[in-house]
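K.L.:
Predicted coordinates and the sequence they were generated for:
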Amino acid sequence: MDKASHPWSVPVAVEDIPETGLHLEIEAPDTVRAAIAALAGLREVKQLSAVFDLARRGAGVQVDGAITGRIGQTCVVTLEPIENDVVETVDLRFTPQTAAEEDLETAALAGSDDEDAPEPLIGGKVDLGELATEFLMLGIDPYPRKPGAEFAPPKVEEPGTHPFAALEALKKRPGGGNT
C-alpha cells in the first residue's frame, strides 16, 4: 500500500471478527490528518473519526458505520477560510476477491447495474482507515461557500465603457451597418 495515497491504515482481518460482530471506533492522529489534508487539497483536517460495526457474512464482511470530520477549506466566492463538517454513512459488503469478481460477472451477464455489488476483500482484511479516508473525501464539498456569500458579477458603471463600445458606436452611425 502506498503511504502517500493511503495515509491512514487500520486493517482488520476477517478471522479477528467474532461471530457476534465487532464494534470499532477510530480517530485519526494529527500526522494522518495532515497527510489527508494534503492529499485532498484541503487547508486542514481538524477532526476525523469513524464508528464501524463489522459482521462476518460467510467468507465476507458487512461493514456499517459513520465517518465524521471537520475540514478547513477556502470559500470559492470570498476566498476566506471556512470550516465544514462532513458526515458520511457506510454500508458496504466485502467478499473475497474471486467471489466479488464472480458477483460482478453475474450482474453484468444479467444486465444489472447493481450499485450494491460487493467490494473486494484483499488479503482477508478490511482497511478501516482507508475506508474512512475515502468516505471523507467523497463527502467534501468541491465548491465550499461561506454562509450568505453570493457571487455578483462586476458592474459596469457607464454603458460606453465596455470593450466593444467603440464597435457599437460604429454600428449605430449612419452607414455603419445598422439598417
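P.N.:
The structure has been received and is ready for your questions.

K.L.:
I'd like to know which helix or strand in the protein has the lowest mean pLDDT.
P.N.:
When the helices and strands of the chain are compared on mean pLDDT, DSSP states H and E, helix 97-109 comes out lowest with a mean of 56.

K.L.:
Can you name the element that comes right after it?
P.N.:
strand 119-121 (DSSP states H and E).

K.L.:
and that following strand, how far out from the chain's middle?
P.N.:
Centroid separation for strand 119-121 versus its chain: 19 Å, with C-alpha atoms, centre = their mean, to the nearest Å.

K.L.:
which helices and strands does it pack with?
P.N.:
strand 81-96, helix 97-109 (3 or more C-beta pairs under 8 Å, 6 or more residues apart in numbering; DSSP states H and E). For every residue, glycine as well, the C-beta is placed using N, CA and C.

K.L.:
residues in contact with that strand?
P.N.:
With C-beta atoms under 8 Å, 6 or more residues apart in numbering as the test, strand 119-121 has contacts from 14, 59-61, 92-97, 100-101.

K.L.:
ok, residue 14 to residue 124 distance?
P.N.:
Applying C-beta to C-beta, to the nearest Å, the value for residue 14 to residue 124 is 5 Å.

K.L.:
what about those two, which has more around it?
P.N.:
Neighbour tally, residue 14 and residue 124, criterion other C-beta atoms under 10 Å: the higher count belongs to residue 14, 19 against 16.
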